[in-house]
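1. Need the 3D shape of this:
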Amino acid sequence: MKRALPLVMLFTACDPGFRPETLVENLRLIGISADNPKLIPGETTRIRSLVLDPSRNTPSTVLWLGCEADPFNLNRSACANPEILQDPSALTSGTGTLPPGVTVIGFNDQASYSVPAGLFDVLAPEDPRRQTGTVGQLIAFAVAETVSPQAPMEELQALFDRVQRKELKSIIALFRVAISESLVRNTNPIVDALVVANEPWPKGARFFVREREPITLDINAPESTFEPFVLSTPTGDEMKTERVLTAWYSTSGRFTETSTALGEGVKTIFTAPGSTADPVPERRTGMLYTVFRDTRGGQSWREWPFFVCDTSLAAPAVTSVEWPATATDPVVLRGSGLASVLDLIVDGVALERGAYSEASGTWQGYLPSPVSVGQKRGTLHTRLCTRLPL
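-> Reported below is the predicted structural model:
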């Protein structure tokens, strides 16, 4: 049996330099996910995307278009038209109206795709295509501009025209959702933790790395992420287990492996910024992104902040710790050099909203749920790439 897997096709201009594909510098759309990646006729799913643009301070916009699913799975859809994927203005052909079967299904993360309950009514009840299914095709149109969700079609047409004239950065992505009457479900991949130098990093903590330092990265995932399923072939049904592939991206730094498979022993080495070609970012902070795709259409992602350490800073020295009596009270650190505290780890989790106050000379953060209040033991992660027990 052919299985329709979601596919993201990105159409962007080539960088004249040799910047790695994993480097996120401008408008990028690196992930699309359906809350339910496999639908039964009559169901609706929310659609989300991971759109990034470090070059801008204002939000980008994603316009979502949905195409009616073809019960015969013959790929007869305007969403599959290569001309549209290359040139979004072809969607309306200058008329200000969308082709038949194409509708606007949302903006940004307020988007949903619905399947008519009678999608397969044109097929006989015993037709195997009801079980093998078809796909719902969607187009994500991301632009480096903030657009109102109430924008009329005329305004969207003008937007398409500006994209065609290359006056506005944009990305078009095609995504597919599996549809059938089969009751077999699929869920999006779930991951536990980022593994840094073979150590699961504390939840919510920024991982730290020295300039130009190569460090091994991996991902821990629960067994439930690798779902078993039945694959129908001409010779019979076969029991399979999903593979989950990970794509790596970052705002700075480099990877030896841009794609790895969870649980298969292949790791990537991340080399921190600090060279002439890859300078240390402003404020020494960056973001790492991992996008997970299973072999049946599930997709998810995680974002991991990192810090490039500065050994010229004064090391923190804590003289007292005030542990909270209630969940709304902060943990308060007093001492010297507290501006060099990066995170405070308690029960394997980083405190939330941790920050140094120059006015009070203290560092404060809040215990995350479900960590209980009361006196604790903790570990300071510092901006010097050191760890200090409390």
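
2. pLDDT value on residue 9, please?
-> In this model, residue 9 is scored at 38, pLDDT.

3. If you could redo that for residue 12, that was the one I meant.
-> pLDDT, residue 12: 39.

4. now swap in residue 151 and tell me
-> Per-residue confidence at residue 151 stands at 88 (pLDDT).

5. cool, residue 75 as well?
-> Residue 75 is assigned a predicted lDDT (pLDDT) of 82.

6. so how far is residue 38 from it?
-> As judged by Cβ to Cβ, to the nearest Å, residue 75 and residue 38 stand 19 Å apart. C-beta here means a position set from N, CA and C on the backbone, and glycine is covered the same way.

7. do residue 340 as well
-> According to Cβ to Cβ, residue 340 stands 49 Å off from residue 38.

8. Look at these two and report which has more neighbours.
-> residue 38 (23 against 20; other Cβ atoms under 10 Å).

9. Was I right to think residue 273 contacts residue 279?
-> Yes: taking Cβ atoms under 8 Å as the definition, residue 273 is a contact partner of residue 279 at 6.2 Å.

10. Report the set of residues contacting both of those two.
-> Common contact partners of residue 273 and residue 279 (Cβ atoms under 8 Å, 6 or more residues apart in numbering): residue 252.

11. For those two, indicate the residue with more neighbours.
-> Each of residue 273 and residue 279 has its neighbours counted (other Cβ under 10 Å); residue 273 has more, 22 against 11.

12. Just list the residues touching that one, thanks.
-> For residue 273, the contacting residues are 211-212, 252-253, 279-281, 286, 308, by Cβ under 8 Å, 6+ apart.

13. What subset of those residues is buried?
-> Among the contacts of residue 273, those classed as buried by 16 or more other Cβ atoms under 10 Å are 211, 252-253, 280-281, 286, 308.

14. TSV please, covering these and showing distance to residue 61.
-> Output for these, formatted as TSV (distance: Cβ to Cβ, whole Å):
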residue	distance to residue 61
211	36
252	25
253	28
280	31
281	25
286	25
308	31
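
15. residue boundaries of the helices in the protein?
-> Shown for the chain, the helices assigned by DSSP state H span residues 82-86, 129-132, 153-164.

16. buried ones in stretch 28-45?
-> 28-34, 36-41, 45.

17. quick one on the thing from earlier: residue 170: which of the contacts of residue 273 is nearest?
-> If you rank the contacts of residue 273 by distance to residue 170 using Cβ to Cβ, residue 252 comes first, at 24.1 Å.

18. Got the phi and psi for that closest one?
-> Recorded main-chain torsions at residue 252 are phi -160, psi 170, according to degrees, to the nearest 10.

19. how near is the residue nearest to it when sequence neighbours are not counted to residue 254?
-> Distance criterion Cβ to Cβ, 6 or more residues apart in numbering; nearest residue to residue 252, sequence neighbours excluded, is residue 273 at 4.1 Å. Distance, residue 273 to residue 254, by Cβ to Cβ: 8 Å.

20. Pick out the residue closest to the middle of this protein.
-> Centroid-nearest residue in the chain: residue 301, 3.5 Å away (criterion: Cα atoms, centre = their mean).

21. so what's it scoring on pLDDT?
-> Reading off the model, residue 301 has pLDDT 98.

22. Same question for residue 224.
-> Note for residue 224: predicted pLDDT of 93.

23. any low-confidence regions in this protein?
-> Low-confidence segments of the chain, defined by pLDDT under 70, span residues 1-18, 88-89, 92-96.
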